[in-house]
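Novice: What follows is a predicted protein model with its sequence.
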Amino acid sequence: MKRKLIGIAVAALISGMPAGAYYHFTHYTGRATPYGPVPEKFDLAGLPNKTITFFVSDTGPAQFGTNDSFPSVLSQVRHATRVWDSVETSDLRVAFGGLYTAGVPQASPGAAVVFEDLPPGVLAYGGPTSRSTPVDGANGAITPIEFSEVHLSRDFTQRPGPSYTEGFFLTVVHEMGHALGLQHTFTSSAMSTAATRATSLSRPIDVDDIAGISLLYPNAKFGRRTGSISGQVVWREGKDRDHGVHMASVVAIRNGSAAISAITNPDGTYRIDGVPPGQYFVYVHALPPTADMVSPRDPDGNLVDPDGAFDTQFYPGTTEVLKASTVGVKAGGVNDGVNFSVKPRGSVPIYGVSLYSYFNQNTVAVKPAFLDITGGFGTAVAAGAGLGSDGNAADGLNVRIMGGSASLLPNGIRPYAASGFTYIALDVRFALGAGTGPQHLIFSQPDYVYVLPSGLNLVQNAPPSVSGVSNNGDGAVTVTGKGFAPDSLIYFDGLPGTISSLDAANGIAAVVPPTGASAQNATVSVYNSDGQNSFFLQNNASVTYSYDSAAAPFLTYSPSSLPAGSEAMVSVTGTNTHFAQGATVAGFGSSDAYVRRLFVLDATHLLADVAIPAGAATTTTEVSTVSGFQVAAQPGGFQILPPVSTMPVTVPVLINAVPGQSGTYPGAIMSLFGSNMVSGNATPIVTLNDMSAKLLYASPTQINLQIPNGLRAGPAILRLNNGVDNNLPVAVGIDPSPALISAILNSAGNTIDSNRPAHPGDMVTLALNGFADGGPVATDRVRVNVGAVDYAPVAVKRADTSGTYQVQFALTDAVSTGLQPVIVYIDGRSSLQNAINVVNP
Amino acid sequence: MRHLFLLVAAVCLWSGGPARGATLQQLSLDEMTAKATAIVHGRALEHYATAQGPTIFTHYRMQVSETLKGTAAGTIEVVLPGGTVGHMRQTFAGIPTLTEGKDYLLFLWTGKGVTQLIGFTQGLFEVSTDASGKTMVSRVASGELMLNRAGTPVQDQPVRMPLPLFTAHVKSIVDKGSK
């Protein structure tokens, strides 16, 4: 195939550095190594706060099954955005924007979930809309995604509905992955193909998904704690001998953990990034016929299809895992030279294998399989292409479970036929001391090996179940059942309740349900961290909780229109609403109206900082709030107007101007950015909650100011007059005063000062007031900075009942001598600065 | 133990249940025939794409040579999601494309004035001549997630059979359904 793209010298292939390869939608800008792969992705430089917001069409589904509802659908979409937003090594933020009216013009990149009448046999589809060729971006070539869509059927009586199930939630997670730029992978992760995926609500994305999204939108954290494996896959024989294999899937796998993979470049090079440190088996396999990957495009826009089939191979050059060697991965390191030379074959004989286990007297089939090791034995059932036919197993079929926790019993492979399909029952025994978690299976024939990562989960408890829900009369309910665990989550449709007490042994939990929609019947389900949930046992007999009927919520807001190129606070007042911080989302129905920050003042009042980009489409949009399941919406209630070029604009993000300091607190020196903030030679005026701020510097685009002393923590309204015009007021958050380093002590408990200076190697204790809320503080939340050198504390403890904390750390040789500034950070927020005197011994 | 696993009517939780680029419900040939508003044998002519809001649709004109169900005749237009308009390309994995000049047997469904393929890849059969000169109907197994009526993920099966046999079978289902 690569001959279609280029003719490259073998030497060049071998010496070529492997380009990063993954499963994105890729365009090649070059015709030779390294090809210049440019993935389709959102251009973060064009996104407000690097955030892509998903809106949901307000038409909603047309048909629901019993106890299903549109608010439940919305809750799952919102939950799915949080999953992708939670990837801390990705710079892309993902938000839920509430409702929008389909067809509204939007100039900014965005994403939407829409509902439509799909042809019979089609339940959902999704994907990105991108520029058809790469363009120059701020950080090099980019193929920008302009808009992404997830299309769902309007009929939620059909799968993947109903919306309150784990299956629907995982569907949305998967489709969002496509929308963000990910293709299919073969590691049983969220982005894996249909038959093999093994994620759950408890673990909706896995290391492979995290690596995939992080490679597309990497931030500084990516790669710090993980390493890489790289190499090349070439043909061992045939007309393409020694040429690279294009689009082979290379997988790193280890016992008890999820797999992680990459796809080869046209020259066969690959690099698996984001691999947690450890020892891995590495294998390469051909894409199955059901891969459904969109091939990369060459510089002319033509598809560059995958190469043909070949034998699966473990490193180094064996088809037997028992003869394979492991490959070590260290944080920050690259294990290069993990090469393969593969033998071509006519087709992939085994693929798309699913493994099921059965619950509730075998009336419920669960995939991936879950087996309880406490019984010593269990049975799972495999189905997939090439395992057998007519009720018989494929010739020479053998099955092995990697690691030592489980193995097949003698004669433990039992094929059978049912409803025209051939299934393979696998009788499994568990080793003494067997570990729990995902297990990888190897299906083999004499001439082929197929690996199914994470096909089987070993657990040591039965699934949970819910037997009843009763109202406590105080806003909480009591949920009873079996199989609860201390870390169980209790869901009402697609949202977890707030558990105030949980007696796992007796199956009793006191839970505050999320805010409900009027007369909603929410299905109550329990999810345990081992991946099991109550639907395993009661799929068709779920317990529901009925919310009371309530008056319809209604919104009023001001202003109801904003010009393009503006930043403004919109005050939203609700009638019959239940706004709550963290539970409420407000949206303005367009990717052109980005909600920077939301301040919930009370159950009926919130402030939303809204940013309208200069190029926004002038149109009317929908305003909506979603609080738990309660949805309030006003289609067409908001207007985006043409820009006003002279209007002063203030971005409601205050940056602490003192190096090393963070937080916006009374007395702090802050920078405010915007446009037209000064008119001519006029002196601007800035107020916060009508208190004047002292200005230290002013230009049209930046003002440095001091936060007025006496301003209380919480939202404050910032107003600016540039000498001629007023800005549109914005809301900013005022933080409590930072912690104070009240004492710096040596190991003897004496104050470190000029008479008793510290030395490199000394253990130092910092006493802090106003540091935390009185509870325990984990050391990994805290760092100490002395003279620009960071230190991880060895201990953080509460010193006394007055709320003083002590942070202990050891000075190293890296510290400079003299009077050095010292700052303590908790969750990134700084203390006030102090100083420590350091001398050499 | 074996009998326990004959319970294929068991409700599948699809707990790892992935969607694919597209999520499909498996339909038997009988079901596709019954649900189709038209079943035609025809040749793909030219195609063009349009943007309807943020969604791009590719419109394929088909020259119909035989109608097995419905009244479609002459040329018809079949619409599939995805395609290229101007500088924008929309991609949905698992949605087929038709190749100009190729013969197909299509199971079609018309809703709101738009004619689409039933089950995307499920409703698309290629018509070709094999080495022995026989005209064959074939469809590769769909790679998309398929669920049966119980919601259980199932593996689609490839289809390959002589065109006369296939059309006769489809016509018999159509005739049975019309009686």
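Specialist: That came through, no problem. Computed from a predicted model, the values in this text were never measured in an experiment.
Novice: Tell me where chain B is predicted with low confidence.
Specialist: The model of chain B has pLDDT under 70 over residues B:1-23, B:25, B:140-158, B:178-179.
Novice: longest helix of it?
Specialist: Secondary structure assigned by DSSP state H gives helix B:163-178 as the longest helix of chain B.
Novice: I'd like to know how many residues surround A:Val686.
Specialist: 22 (other C-beta atoms under 10 Å in any protein chain shown). In short, each C-beta sits where N, CA and C put it, glycine included.
Novice: pretty sure it contacts A:Ala693?
Specialist: Yes: contact status for A:Val686 versus A:Ala693: in contact at 4.5 Å, counting by C-beta atoms under 8 Å.
Novice: Quickly list what's touching both of these two.
Specialist: A:Leu705 (C-beta atoms under 8 Å, 6 or more residues apart in numbering or on different chains).
Novice: For burial, what's the neighbour tally of the residue of the stretch 651-800 of chain A found nearest chain B?
Specialist: For the stretch 651-800 of chain A and chain B, the shortest gap (C-beta to the nearest C-beta) falls at A:Val651, measuring 28.1 Å. Burial of A:Val651 is recorded as 18 neighbouring residues (other C-beta under 10 Å).
Novice: Against B:Leu24, how distant is whatever residue of chain B ends up closest to chain A?
Specialist: Residue nearest to chain A within chain B: B:Gly119 (2.6 Å; C-beta to the nearest C-beta). Separation of B:Gly119 from B:Leu24 (C-beta to C-beta, to the nearest Å): 5 Å.
Novice: related to what we said a few turns ago, mind listing what the closest residue to the residue of chain B closest to chain A other than its chain neighbours touches?
Specialist: Closest residue in space to B:Gly119, ignoring its immediate chain neighbours: A:Gly121 at 2.6 Å, by C-beta to C-beta, 6 or more residues apart in numbering or on different chains. Counting by C-beta under 8 Å, 6+ apart, A:Gly121 makes contact with B:24-27, B:32, B:35, B:118-120, B:122-123.
Novice: would you list every one of the strands in the stretch 601-750 of chain A?
Specialist: For the stretch 601-750 of chain A, applying DSSP state E, counting those that start in this stretch gives strands covering A:605-612, A:619-627, A:630-641, A:649-650, A:655-656, A:669-675, A:685-688, A:691-692, A:694-698, A:702-706, A:714-721, A:730-734, A:740-745.
Novice: Strands of chain B, start to end?
Specialist: B:11-12, B:22-25, B:38-52, B:55-69, B:75-81, B:83-85, B:88-90, B:103-111, B:114-117, B:124-129, B:135-139, B:145-147, B:159-162 (DSSP state E).
Novice: try the stretch 251-400 of chain A
Specialist: Along the stretch 251-400 of chain A, counting by DSSP E, counting those that start in this stretch, strands occupy A:260-263, A:269-275, A:278-285, A:313-314, A:327-329, A:334-335, A:340-342, A:351-359, A:364-366, A:369-372, A:377-385, A:388-389, A:392-393, A:398-401.
Novice: Now the second one: buried residues?
Specialist: If I follow you right, that is strand A:269-275. The neighbour-count check on strand A:269-275 (16 or more other C-beta atoms under 10 Å in any protein chain shown) flags A:269-275 as buried.
Novice: what do you get for stretch A:95-110?
Specialist: Quick answer for stretch A:95-110 (16+ other C-beta under 10 Å): A:95-102, A:104, A:106-110.
Novice: Adding neighbour count, write the contacts of A:Gly121 out as JSON lines.
Specialist: Shown next, in JSON lines, are the contacts of A:Gly121 (neighbours: other C-beta atoms under 10 Å in any protein chain shown):
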{"residue": "B:Leu24", "neighbour count": "29"}
{"residue": "B:Gln25", "neighbour count": "23"}
{"residue": "B:Gln26", "neighbour count": "21"}
{"residue": "B:Leu27", "neighbour count": "24"}
{"residue": "B:Met32", "neighbour count": "20"}
{"residue": "B:Lys35", "neighbour count": "16"}
{"residue": "B:Ile118", "neighbour count": "24"}
{"residue": "B:Gly119", "neighbour count": "28"}
{"residue": "B:Phe120", "neighbour count": "24"}
{"residue": "B:Gln122", "neighbour count": "29"}
{"residue": "B:Gly123", "neighbour count": "27"}
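Novice: What number of residues are in the vicinity of the nearest residue to B:Asp130 once chain neighbours are set aside?
Specialist: Once flanking residues are discounted, B:Asp130 sits nearest to B:Met136: 5.2 Å by C-beta to C-beta, 6+ apart. The tally of other residues near B:Met136 (other C-beta under 10 Å) stands at 18.
Novice: now B:Met136: how far from B:Leu165?
Specialist: 10 Å.
Novice: so who does A:Ile490 touch?
Specialist: A:479, A:496-497, A:499, A:509, A:511, A:524-526.
Novice: Could you grab the helix/strand/coil label for it?
Specialist: Following DSSP: H, G, I helix; E, B strand; the rest coil, A:Ile490 is assigned to strand.
Novice: Just the local confidence number for it, please.
Specialist: pLDDT, A:Ile490: 97.
Novice: Which pLDDT value does the model give the residue nearest to B:Gly119?
Specialist: At A:Gly121, the pLDDT value in this model is 83.
Novice: which parts of stretch A:509-522 are buried?
Specialist: A:509-511, A:513-517, A:520-522.
Novice: likewise stretch A:773-782?
Specialist: Applying 16+ other C-beta under 10 Å to stretch A:773-782 flags A:777, A:782 as buried.
Novice: which residues are contacting it?
Specialist: A:771, A:792-796, A:798, A:803, A:805, A:807, A:824-827.
Novice: if we can go back for a sec, can you check which of the strands of the stretch 251-400 of chain A gets nearest to A:Gly663?
Specialist: strand A:269-275 (32.1 Å; C-beta to C-beta).
Novice: Neighbouring strands of that closest one in the sheet, and parallel or not?
Specialist: strand A:227-235 (antiparallel) (DSSP bridges).
Novice: buried sites along the strand it pairs with?
Specialist: Buried residues in strand A:227-235 (16+ other C-beta under 10 Å): A:227-235.
Novice: And the residue nearest the centre of chain B, how close does it get to B:Val40?
Specialist: By C-alpha atoms, centre = their mean, chain B has its centre lying nearest to B:Gly123, at 1.4 Å. Using C-beta to C-beta, we find B:Gly123 at a distance of 11 Å from B:Val40.
Novice: Common neighbours of these two, please.
Specialist: In contact with both B:Gly123 and B:Val40: B:106, B:108, using C-beta under 8 Å, 6+ apart.
Novice: before we move on, back to that, and the residue nearest to B:Asp130, what is it in contact with?
Specialist: B:127-130, B:160-163.
Novice: From B:Ser128, how far off is it?
Specialist: For B:Met136 relative to B:Ser128 (C-beta to C-beta), the value is 6 Å.
Novice: thinking again about what came up before, please name the residues that touch the residue of chain B closest to chain A.
Specialist: Shown here is B:Gly119, whose contacts under the criterion C-beta under 8 Å, 6+ apart are A:119-122, B:24-27, B:32, B:107, B:142.
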